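S.K.: Need coordinates for the following:
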Amino acid sequence: MRIYYDEEGDYLEIFIGGPSPNYGEDIASGVTVFKDEETDEIIGVGILNFRKKAKDLKDIELKLPFRIISAS
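M.R.: Below is the predicted model of the structure:
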C-alpha cells in the first residue's frame, strides 16, 4: 500500500500494489478512483480537500465502490 499526502494542496492518494499504468474516474466532487489500464481493477483513490472533508482525522469513513482485502 502506498499513501501520499500533499499538505499544501490538501490532497490524499492511496494506492494498493506496485506502480502500474492507470487512469482516473471522478466518482464524487474531489474524489477520484484510479483503475489499472489493462484490467480496469480499482487500484487507488485520490481525495482533494481531504482535511476539509475529514474534520477529525481520527474518525474518517469513506464509502467507496470497492473493498480492501488483505492477503493471508
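S.K.: which residues sit in contact with Asn49?
M.R.: By CB atoms under 8 Å, 6 or more residues apart in numbering, the residues touching Asn49 are Asp10, Tyr11, Gly30. Placement of C-beta: from N, CA and C, glycine included.
S.K.: Please report how far it lies from Ala28.
M.R.: 11 Å (CB to CB, to the nearest Å).
S.K.: in the protein, which helix or strand is least confident?
M.R.: When the helices and strands of the chain are scored by mean pLDDT, DSSP states H and E, helix 50-53 comes last with a mean of 85.
S.K.: starting at the chain centroid, how far to that helix?
M.R.: 13 Å (CA atoms, centre = their mean, to the nearest Å).
S.K.: next one: stretch 9-19
M.R.: The chain centroid and the centroid of stretch 9-19 are separated by 6 Å under CA atoms, centre = their mean.
S.K.: in the sheet, who's paired with the residue nearest to the spatial centre of the chain?
M.R.: Residue closest to the mean C-alpha point of the chain, counted by CA atoms, centre = their mean, is Val45 at 1.7 Å. Beta-bridge pairing of Val45, defined through DSSP bridges, involves Ile14, Val33.
S.K.: Do you know the pLDDT at it?
M.R.: Looking at Val45, its pLDDT reads 94.
S.K.: mind listing what Glu37 touches?
M.R.: Counting by CB under 8 Å, 6+ apart, Glu37 makes contact with Ser20, Pro21, Asn22, Tyr23.
S.K.: What's the separation between it and Gly24?
M.R.: 11 Å.
S.K.: hang on, the earlier thing: mind listing which of the contacts of Glu37 are in strands?
M.R.: Residues of the contacts of Glu37 located in strands (DSSP state E): Asn22, Tyr23.
S.K.: from the contacts of Glu37, which is closest to Tyr4?
M.R.: Asn22 (14.0 Å; CB to CB).
S.K.: Quick check: closest non-adjacent residue to that closest one.
M.R.: Spatial nearest neighbour of Asn22, chain neighbours left out: Phe34 (4.7 Å); criterion: CB to CB, 6 or more residues apart in numbering.
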